[in-house]
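Chemist: Output the structure for:
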Amino acid sequence: MPFGAEVLAEGGVRFRLWAPAAKTVDLVIERKPRQMRPQGDGWFESVERSAGPGTLYQYGIDGQQLVPDPASRFQPQDVDGPSEVIDASTYPWKDAGWKSPPWREAVIYELHVGTFTAEGTYAAAAQKLKQLADVGITAVELMPLSDFAGKRNWGYDGVLPFAPDSAYGRPEDLEAFIGTAHAAGLMVFLDVVYNHFGPKGNYLGMYAPQFFNQRDQTPWGAAINFGNDVVRQYFLHNVLYWLEEYGFDGLRFDAVHAIIDRSPRHILDEIRAAVPGHKHLVLENDANQARFVGPGKYNAQWNDDSHHAYHVTATGETDGYYIAYAEDPVKQLARCLAEGFAYQGEVSPFTKESRGEKSSDLPPACFVDFLQNHDQVGNRAPGERLISLSDDRKLKALSAIQLLAPSPPRIFMGEEWGCRQPFQFFCDFDGELGEAVRNGRREEFSRFKSFTGQVPDPLAESTFKASTLDWSKADQVWLAHYKNLLSLRQKHVVPLNCGPGKYGMLSERAFQVSWGRLLLIANCGDKPVRVSGLAEKPLWSNGEPGSPWSVNWWIKQ
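Modeler: Sure thing, here's the model as predicted:
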């Protein structure tokens, strides 16, 4: 890797920094500066024979400012402290024979390491992995780990993309977590953020302003400049770093609609080409750009359309972006199940603009469907889960649709056992930044007529603790429901390897979808509907076809 600190086989460490705006750069170890040699094109380099794994170091910019390594592999004293040299070759891999299962087998479980257990560490999370595998989960997806300012954060404010945050443990603890997951038969995915850096602890603008493109602004500030080749290489190497050094089975790319790249070859295409085909890559893309997904491209995209249709069907809510699903949510859900996106170029009532591209020719494996996730729960003011907004009857019906549909399902931590705790927005910024976040959160929800309560303080430790799972409250009835459905999925649905589906409406709230031999008939309403099912025994049923909130699945002979 051309960036950061590399432990040399012959002894010592090579340090490299790209600082095109700096006149001089010092390598600072134990408060002693050593001038680094300019290498041309903004690069500075130094080889220190006395350094090794565990050495703490910083860079001094023009003799004035100490900064961490932007490619730091670990920050034991948070974002403003020194970086630590890590030798990635020392982990004794115990899963050398591990091979990632095919994508169509994915049942993804999103978790936040800090709130998944009371301890909030990799080691504590690892103790729950066999339990997840027993339920039928096949992959865990970790919310972003890149080092962020403070002790607690969702992870989307990371500023050092190569450094897993010290709040959860050391790098070797993360590697041990992945090894334990593989031993349990679980894949491990990581959520990565390439559309912005967090608001505190990012010094790149000082010595490498070329990292940013001031012409293009995102909701989080100046866009990352993917027109610069060094910047592109920084993120390409970050992708390979997580997949190769740690052995992650895949990555989920956050909000790629906010990545602005006018290069002849889009950075997303370059990333896909650089990654071996057995690694799984998933996008979050609010623009519904189907062009990036499919055979030979990205495995799948998070399907926000299906979530929104599920949510409006379950709750009747029409605030904010849910207005785009208010008129006919069940029909939009049926279209998502069969064709991927609900919006494939149609005008959205929320934005008043066309959204999406044709997806009806793509197989369902290209769309990750979910009833809730960190965003959809945590970006509500009180952070309520769907189980607090609807009722068990409706949610068990909708979860039976989601978990037996051929699209890879995604479950938010605790959902499988009926967790009723909130997942609230939290961070640990101080000073003016902290106050700005607190006030911004209050102002955001003051615009919602339906919300009249108190906005939890995002800076309070109590907000973080309220979001930490209490496993003693697991509902065994819900757990059995999920376990049964996921067992049926792996045994009967996954082997079908379905192609695109076809859907038809049986009433305003009832529909059927077929994917070859797989057939679904569902009534997501309170009124019965006369329908004709198959004579043979259903794969799963919670009532007569057409009865209120009934779901029936068949595999046709």
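Chemist: C-alpha from now on. contacts and neighbour counts both.
Modeler: OK.
Chemist: any low-confidence regions in the stretch 351-500 of the chain?
Modeler: 446-452 (pLDDT under 70).
Chemist: can you give me the helices in it?
Modeler: Remark: helices assigned in the stretch 351-500 of the chain by DSSP state H, counting those that start in this stretch are 374-378, 392-404, 431-446, 461-466, 476-488.
Chemist: buried residues in the longest one?
Modeler: Right, helix 431-446. Judged by neighbour count (16 or more other C-alpha atoms under 10 Å), helix 431-446 contains these buried residues: 437-438, 441-442, 445-446.
Chemist: ditto for stretch 246-259
Modeler: If you call a residue buried by 16+ other C-alpha under 10 Å, then stretch 246-259 has these buried ones: 246-256, 258-259.
Chemist: Of the buried residues of helix 431-446, which is the nearest to Arg335?
Modeler: Within the buried residues of helix 431-446, distances to Arg335 taken as C-alpha to C-alpha reach their minimum at Phe445, with 31.2 Å.
Chemist: dump the residue contacts of the spatially most central residue of the chain.
Modeler: Centroid-nearest residue in the chain, with C-alpha atoms, centre = their mean: Asp191, separated by 4.0 Å. Asp191 makes contact with 141-145, 251-254, according to C-alpha atoms under 8 Å, 6 or more residues apart in numbering.
Chemist: got it, and Gly150?
Modeler: Gly150 makes contact with 78, 427-429 under the criterion C-alpha under 8 Å, 6+ apart.
Chemist: Tell me which two in the residues you listed are the farthest apart.
Modeler: Taking every pair in the contacts of Gly150 and measuring C-alpha to C-alpha, the maximum separation is 14.0 Å, between Asp78 and Cys427.
Chemist: For these two, indicate the residue with more neighbours.
Modeler: Cys427 (24 against 19; other C-alpha atoms under 10 Å).
Chemist: and the more buried one, what is it in contact with?
Modeler: Contacts were defined as C-alpha under 8 Å, 6+ apart; by that measure Cys427 touches 150-154, 458-459.
Chemist: The residues you listed into CSV, with extra columns for secondary structure and distance to Met1?
Modeler: Shown next, in CSV, are those (DSSP: H, G, I helix; E, B strand; the rest coil; distance: C-alpha to C-alpha, whole Å):
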residue, secondary structure, distance to Met1
Gly150, coil, 28
Lys151, coil, 29
Arg152, coil, 29
Asn153, coil, 28
Trp154, coil, 28
Pro458, coil, 37
Leu459, coil, 37
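Chemist: Make JSON lines out of the residues you listed and add distance to Ala290.
Modeler: Compiled in JSON lines, the contacts of Cys427 are given as follows (distance: C-alpha to C-alpha, whole Å):
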{"residue": "Gly150", "distance to Ala290": "37"}
{"residue": "Lys151", "distance to Ala290": "38"}
{"residue": "Arg152", "distance to Ala290": "35"}
{"residue": "Asn153", "distance to Ala290": "31"}
{"residue": "Trp154", "distance to Ala290": "28"}
{"residue": "Pro458", "distance to Ala290": "35"}
{"residue": "Leu459", "distance to Ala290": "38"}
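Chemist: Narrow the residues you listed to those that are buried.
Modeler: 150-154, 458-459.
Chemist: Out of those, the closest to Leu433 would be?
Modeler: Relative to Leu433, the closest of these is Leu459; by C-alpha to C-alpha it sits at 10.6 Å.
Chemist: what sits against that closest one?
Modeler: The neighbourhood of Leu459, defined by C-alpha under 8 Å, 6+ apart, consists of 426-429, 434, 438.
Chemist: again with Leu8
Modeler: Contact partners of Leu8, counting by C-alpha under 8 Å, 6+ apart, are Arg14.
Chemist: what's it sitting at in phi/psi?
Modeler: In terms of degrees, to the nearest 10, the main-chain angles of Leu8 are phi -90, psi 140.
Chemist: Just give me the neighbour total for Asp369.
Modeler: Neighbours of Asp369 under the rule other C-alpha under 10 Å: 29.
Chemist: residues touching it, list them.
Modeler: Counting by C-alpha under 8 Å, 6+ apart, Asp369 makes contact with 302-304, 306-307, 402, 407-410.
Chemist: tell me the SS of Gly63?
Modeler: coil (DSSP: H, G, I helix; E, B strand; the rest coil).
Chemist: So Ala123 belongs to a helix, correct?
Modeler: Yes. With three-state DSSP as the criterion, Ala123 is part of a helix.
Chemist: What about it, how many residues nearby?
Modeler: For Ala123, which is what you asked about, the neighbour count (other C-alpha under 10 Å) is 18.
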